[in-house]
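**Q** Okay, here's the prediction I keep looking at, along with the sequence it came from:
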Amino acid sequence: MEPIKPTESELQILQVLWSLGQASVRQVNDELSKVRDIGYTTTLKLLQIMFEKKIVSRIEEGRYHLYEAAITEEATQQFLVDKFVDTAFRGSAMKLVMQTLGNHQASKEELDEIKKLIAQIEQNA
């Protein structure tokens, strides 16, 4: 199966659907309007395109449709991270981690989680 490559606008809609589960066009538009200027018809058109691309599923509820993400947040994140590592860091996850930790003040909790992940990876290797 060909990986689904959401655009930035589609990704914003997916984030709304992942948090709400199912939502009408109005609900999606209301959430998007909190962070950017977007019209109802633009949201509707984007959701229709996403339905055609099989990124979202649609259920008829009377006079309106309820939309739901057809791809998981985890699978989408994995695809986007893999693509980013390949293009920006020439496939080196280490370079990505070093760049991120060097430019971002990680909290003690984040560092503890990173250490746990490293220990888990070492144990499985």
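**A** Thanks, I have it.
**Q** C-alpha only now, for contacts and for neighbours.
**A** Will do.
**Q** Only the buried residues of the helix or strand bottoming out on mean pLDDT in the chain, if you could.
**A** When the helices and strands of the chain are scored by mean pLDDT, DSSP states H and E, helix 93-103 comes last with a mean of 85. Neighbour-count burial for helix 93-103, counted by 16 or more other C-alpha atoms under 10 Å, picks out Leu96.
**Q** what separates that helix from the chain centre, distance-wise?
**A** Computed by C-alpha atoms, centre = their mean, to the nearest Å, the chain-centroid distance of helix 93-103 equals 21 Å.
**Q** list the helices and strands it packs on?
**A** Helices and strands touching helix 93-103, as assessed by 3 or more C-alpha pairs under 8 Å, 6 or more residues apart in numbering; DSSP states H and E, are absent.
**Q** Contacts for that helix next, please.
**A** 85, 89 (C-alpha atoms under 8 Å, 6 or more residues apart in numbering).
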